[in-house]
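Enquirer: Sequence plus predicted model, see below.
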Amino acid sequence: MDRKSFIKTSLKGSLGLVLPIHLYDKGEEKFVMTVNGKVNTDKINMVLPHEHIVTDFTGAEILVQPQYRPNEAVLIVLPWLIQLKKRGVSLLAECTPSYIGKDVRLLQQLSKQSGMHIMTNTGYYAAAAQKYLPRHAFTENAGELAARFLKEWKHGIDGTGIRPGFIKLGVDGGPLKEIDKKIIRAAAAAHLKSGLKIAIHTGDAGTAREEFELLAGEGIAPTAFIWIHAQNDKSGDTQVDLAKKGCWISLDGINAGAASIEAYGNQLIRLKKNDLLKRVLISHDDGWAVNKNQHTRSISFDLFKNGNTVPYQAIFDYLKPYLLQKGFSENDFNTLMVKNPREAFAIKICRL
């Protein structure tokens, strides 16, 4: 009996178990889950793997979100997505978590009108001193939280039928708190039943190592872990170590300032020298924040103040020319912008 027949026979005889969606073999189909459904990865061109569109920093369960009229947000954001598409970007991973203004209906509307594929997420954000965690996150166990994530994966978010494309978590600097460990274990359980990759906003390099060890203890492969804000590892030692182990190193927060371009450029140069560009993602972490004028009660959309007065452009206008001057090739840039994010977010269906 060959390997494929053995696996198929074993599965049929093993208490009716179904092969998890993330396991694969020859004949696999890889796809990303967008707000408009599955898209095969070979249909994806450049990707921005860590961006935002509209974020609301009010706090969990304080008021009903969104606070704005969706059409007003569309008028502001849509031109920038259309411009991105013209530059060859076909997918944007929208990393705004639940209870921080995630609005999947808005994302779907923007996707349909711009032609840009957009991914949203499931998961909870425990950074910022747990300001954005709902009450049930403190009282439910990891299994119950995982069931919530999987419900969104199977049936859609908030009754919309719009499914997440990855799991987004957030923690502050270490050591990890018990609530941090719980949501990470919940994400691990959800990953094992869905194939959704786990992207964690991480306070520092030591915390990233803790996350890696915790996920490994839950049986999660390093390739399922995306370390968000890995640029905070100034020495680069943890970047290199975790990349060698197979984790995804996400350098996000790139802005147009000369100091930013040099800093990110040097990190990429170091990773290239270690033959680790194949484990790296780059993005801007751009977006708009919802702000309410306390006197007029009016709502405004303000760009994040992260150094970019023009959203989603610094990589193309500033970082790429810098890297080419430093000896990077177009193929290196393609690895960073196309090949890596396709693989990082891919969900794989077995074709046994």
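Expert: Now that the structure is in, tell me what you want to look at.
Enquirer: a helix runs through Ile167, doesn't it?
Expert: No. Ile167: not assigned to a helix; according to DSSP: H, G, I helix; E, B strand; the rest coil it is strand.
Enquirer: if I pick it, what's in contact with it?
Expert: Neighbouring residues of Ile167 by Cβ atoms under 8 Å, 6 or more residues apart in numbering: Asn121, Thr122, Gly123, Phe149, Ala187, Ala190, His191, Leu196, Lys197, Ile198, Ala199. Placement of C-beta: from N, CA and C, glycine included.
Enquirer: Turn those into TSV, columns for secondary structure.
Expert: Formatted as TSV, the contacts of Ile167 follow (three-state DSSP):
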residue	secondary structure
Asn121	strand
Thr122	strand
Gly123	coil
Phe149	helix
Ala187	helix
Ala190	helix
His191	helix
Leu196	coil
Lys197	coil
Ile198	strand
Ala199	strand
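Enquirer: Count the neighbours of Asn306 for me.
Expert: Asn306 has 17 neighbouring residues, counting by other Cβ atoms under 10 Å.
Enquirer: Please read the previous query as pertaining to Glu330.
Expert: Glu330: 9 surrounding residues under other Cβ under 10 Å.
Enquirer: Quick check: closest non-adjacent residue to it.
Expert: Nearest residue to Glu330, sequence neighbours excluded (Cβ to Cβ, 6 or more residues apart in numbering): Leu324, at 7.9 Å.
Enquirer: What about the one you found, how many residues nearby?
Expert: Using other Cβ under 10 Å, Leu324 is surrounded by 13 other residues.
Enquirer: what helix or strand does it sit in?
Expert: According to DSSP states H and E, Leu324 maps onto helix 320-325.
Enquirer: Low-confidence ranges, the protein, go.
Expert: Low-confidence segments of the chain (pLDDT under 70): 1-28, 293-296, 349-352.
Enquirer: who's in contact with stretch 305-324?
Expert: Under the contact criterion Cβ under 8 Å, 6+ apart, stretch 305-324 has outside partners 48, 51, 80, 83-84, 87, 89, 92, 253-257, 260-262, 264-265, 268, 282-288, 303, 330, 332-333, 337.
Enquirer: The stretch 1-150 of the chain: helices as residue ranges?
Expert: Under the criterion DSSP state H, counting those that start in this stretch, helices of the stretch 1-150 of the chain are mapped to 3-12, 70-86, 104-114, 136-139, 142-155.
Enquirer: right, so of the ones you listed, which gets closest to Lys273?
Expert: Evaluated with Cβ to Cβ, the helices of the stretch 1-150 of the chain place helix 70-86 nearest to Lys273, the distance being 30.4 Å.
Enquirer: Contacts made by that closest one with the rest, please.
Expert: Contact with helix 70-86 is made by 48, 53-54, 66, 92, 103, 105-106, 109-110, 113-116, 288, 299, 301, 311-312, as judged by Cβ under 8 Å, 6+ apart.
Enquirer: Just the buried ones from these?
Expert: 48, 53-54, 66, 92, 103, 106, 109-110, 114, 116, 288, 299, 301, 311-312 (16 or more other Cβ atoms under 10 Å).
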